[in-house]
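Structure for this input, please:
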Amino acid sequence: HHTTYWQHGDHLGSASWVTDTNGLGYQHRQYMPWGEQWVDQRKTGYSYNTRYTFSGKERDEETGFSYFGARYYQPSLSIWLSVDPMADKYPSLSPYVYCGDNPVRLVDPDGREYIPVGDEAAKSATVSQIQNQTNLHIYIDKYGYLRAEGKAKNKIDRFLQKSCNDESVQVYLDCKNENSFRWSDGSIRPTAEGGGYDGNYLWESCAVARQCVCPQKLAEFDASVGDSKPGLTMIHEMAEGYFGGKIALRTGKGSPMAEIEGSTYDRAHKKATQIAWGNKGPIYRHDNIRYNNTTGKIEFGDFNRCIGYKRVP
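Okay, here's the model as predicted:
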């Protein structure tokens, strides 16, 4: 008789639980922010020890090092054991630093670009939706970065190429098909329509932003306003996070999440709207209130014909 075990990861991919097919826990792990093991609890009589631990990477039992593919990481010292092979591209970062000194929210040690993190289905849906709206080839590379390659033919293409290669802004796309997120203010709640601005901060010469996206919810929104393929709203969410980062660099200060005093959400949202929906016309929200994507303002009036969401050219 063979028992099948399932490994469950947290938002960083770190192995947190090992269960059987009935959901009975056999092993429970927790980690310090930099990956050092904090808790290792096991069911009595359970001898198997999962070797895939912090960030879902394989841990060498003899040395305690984690193997990430390009090099080894020492979680107890919070450093890499060899120089970053892309160190010349990021001169402001130590070639030994892990995740830009932000291991709680980021999962990749080098680069300052879009980093989709979440369950695999949600990441795949995110890439698929973006692909629907561009002539470029969209994919996630082996380091976890979102890439856009090919010849740009329109505004969205040019935006994707520029933003995916902009070393000054790193956007952390938290992708989940379950519309529930932990926000920077500590709350756990859903997004309104599938996307949310969680603010940004400055780290050395780089702006780091977080954008929460639920591909399934965004696709439903796109369909509700008459778009034939999902993706425009996903482009909007990406652009919102990116422009929030650019605003932070220009002003010299980060931003809290949307709805918090001092947030740059409104400015980032308006610029993102020009990229994703610039030629599509306003979206009406419900019977007497609408958000005009052209002006970036809420409008009040007698809009009884616009119940629900509808895009009007």
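
What ranges does the stretch 201-313 of the chain have for its strands?
Chain-ordered strands for the stretch 201-313 of the chain, with DSSP state E, counting those that start in this stretch as the definition, fall at 206-213, 283-284, 289-292, 297-300, 310-311.

Tell me where the model's unsure across the chain.
Across the chain, the ranges flagged by pLDDT under 70 are 1, 86, 88-92, 100, 102, 104-117, 143, 278-313.

residues of the longest helix seen in it that come out buried?
With DSSP state H setting the assignment, residue counts place helix 232-251 as the longest helix in the chain. Buried residues in helix 232-251, counted by 16 or more other CB atoms under 10 Å: 232-249. In short, each C-beta sits where N, CA and C put it, glycine included.

And stretch 42-61, by the same measure?
Buried positions in stretch 42-61, judged by neighbour count with 16+ other CB under 10 Å: 52-57, 59.

next one: stretch 23-30
Buried residues in stretch 23-30, counted by 16+ other CB under 10 Å: 26-29.

quick one on the thing from earlier: filter the buried residues of stretch 42-61 down to the ones in helices?
If you go by DSSP H, these have nothing in helices.

Quick one: distance of stretch 16-27 to the chain centre.
27 Å (CA atoms, centre = their mean, to the nearest Å).

what does it rub up against?
Stretch 16-27 is touched from outside by 3-10, 28-30, 40-43, 46, 48-50, with contacts defined as CB atoms under 8 Å, 6 or more residues apart in numbering.

That stretch: end-to-end distance?
End-to-end distance of stretch 16-27: 8 Å, with CA to CA, to the nearest Å as the criterion.

ok, Y265 to P256 distance?
Here Y265 is placed at a distance of 9 Å from P256 (CB to CB, to the nearest Å).

For these two, work out which one has more neighbours and name it.
A side-by-side neighbour count of Y265 and P256, using other CB atoms under 10 Å, places Y265 first with 21 against 18.

now the buried residues of stretch 42-61 in CSV, with distance to Q131?
Converted to CSV, the buried residues of stretch 42-61 look like this (distance: CB to CB, whole Å):
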residue, distance to Q131
Y52, 30
T53, 33
F54, 31
S55, 27
G56, 25
K57, 28
R59, 35
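
just the residues you listed now: which is nearest P75?
Sorting those by distance to P75 puts F54 at the head of the list, at 5.9 Å, by CB to CB.

Spatially, what comes nearest to that closest one if we skip its sequence neighbours?
If the residues on either side of it in the chain are set aside, F54 comes closest to G35, at 3.7 Å by CB to CB, 6 or more residues apart in numbering.

Just list the residues touching that neighbour, thanks.
The contact partners of G35, by CB under 8 Å, 6+ apart, come to 14, 53-55, 66, 73, 75, 78, 98, 103.

what about 7 Å?
Contacts for G35 were tallied using CB atoms under 7 Å, 6 or more residues apart in numbering; they are 54-55, 66, 75, 103.

Any chance of TSV for those, columns distance to K151?
Below are the contacts of G35 laid out as TSV (distance: CB to CB, whole Å):
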residue	distance to K151
F54	40
S55	35
S66	39
P75	43
P103	37
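
Roughly how far does the residue most central in space within the chain sit from A239?
For the chain, the residue lying nearest the average C-alpha position, counting by CA atoms, centre = their mean, turns out to be L173 (1.3 Å). As judged by CB to CB, L173 and A239 stand 12 Å apart.

repeat for G194
Taking CB to CB as the measure, G194 and A239 are separated by 15 Å.

that older thread, from the contacts of G35, which single one is nearest Q216?
The closest of the contacts of G35 to Q216 turns out to be S55 (CB to CB; 25.5 Å).
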